[in-house]
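1. the sequence and its predicted three-dimensional model are supplied below.
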Amino acid sequence: MAHQAASRAERRSGDRGGLSIFTVIITLVVVVFFGAIVDFGRQLDARHDANIAAEEAARAGAGQIDADRAYAHGGTFVINRSEAFRAAQNYLHAGGYTGTVTPIGDHRIRVHVTVTRRTIFLPLIGITALHVQADAVADLVTGVEGEDR
């Protein structure tokens with residue numbers, strides 16, 4: 001009888017700590033999973049911000065017409081390239097965004113924006129930042145009906 005009691009005690013002591021290791025592993029997996037949900041939600045928010053910043057900066061740039069050509073040459077409406085570049089860059093810098101501004105021809109401007117967001121939970125698995133990019137193009141449109149010139 002004493003031998004059976006000692007045998008049971010040995011079996012129980014061999015399993016000690018097994019549940020705590022399992023609990024630690026499952027807890028880590030759950031934290032990483034929910035952390036990924038939070039951080040990737042932040043990435044979607046950053047993508048939305050980048051799209052809006054690119055669109056608005058492009059609009060700000062496309063609104064900069066060359067007044068000399070518009071009034072002196074019979075109403076030829078074209079983008080003032082230097083003013084368009086400056087207006088779009090000012091919009092980006094005012095919002096804390098980084099990006100590039102490229103005039104395309106005389107009636108169009110393209111803005112490329114990059115947004116970087118630091119992660120909250122993903123550094124646990126080595127991902128410290130998420131990067132998103134957005135592009136927008138705006139056309140110079142004039143007239144009530146929006147006829148391109």
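-> That came in fine, so what should we check first? Not measured: the values here are computed from a predicted model.

2. can you give me the strands in this structure?
-> 98-104, 108-118, 129-139 (DSSP state E).

3. pick the most deeply packed of the ones you listed.
-> strand 108-118 (a mean of 19; mean count of other Cβ atoms under 10 Å). Heads up, the C-betas are built off the backbone N, CA and C, glycines and all.

4. got the CA positions of it in PDB?
-> In PDB, the C-alpha atoms belonging to strand 108-118 read as follows (Å, rounded to 0.1, in the frame of the first residue of the first chain):
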ATOM      1  CA  ARG A 108      -2.800  67.700 -63.800                       C
ATOM      2  CA  ILE A 109      -0.900  67.200 -60.600                       C
ATOM      3  CA  ARG A 110       0.100  63.900 -58.900                       C
ATOM      4  CA  VAL A 111       0.800  63.500 -55.100                       C
ATOM      5  CA  HIS A 112       2.400  60.500 -53.500                       C
ATOM      6  CA  VAL A 113       2.100  60.200 -49.700                       C
ATOM      7  CA  THR A 114       3.900  57.900 -47.300                       C
ATOM      8  CA  VAL A 115       2.600  57.400 -43.800                       C
ATOM      9  CA  THR A 116       4.400  55.400 -41.100                       C
ATOM     10  CA  ARG A 117       2.700  54.300 -37.900                       C
ATOM     11  CA  ARG A 118       4.500  52.800 -34.900                       C
END
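
5. shaky segments in the protein?
-> When residues are selected by pLDDT under 70, those of the chain lie in 1-18, 73-75, 141-149.

6. how about the helices in it?
-> 2-14, 18-62, 67-72, 81-94 (DSSP state H).

7. between those helices, which one is nearest to Arg117?
-> The minimum distance between Arg117 and those falls on helix 18-62, with 4.6 Å, by Cβ to Cβ.

8. name whatever forms a beta bridge with Ile104.
-> Arg108 (DSSP bridges).

9. does it touch Arg110 like I think?
-> Yes: contact criterion Cβ atoms under 8 Å: Ile104 and Arg110 qualify, at 5.6 Å.

10. pull up the overlap in contacts between the two.
-> Residues touching both Ile104 and Arg110 (Cβ atoms under 8 Å, 6 or more residues apart in numbering) are Val137.
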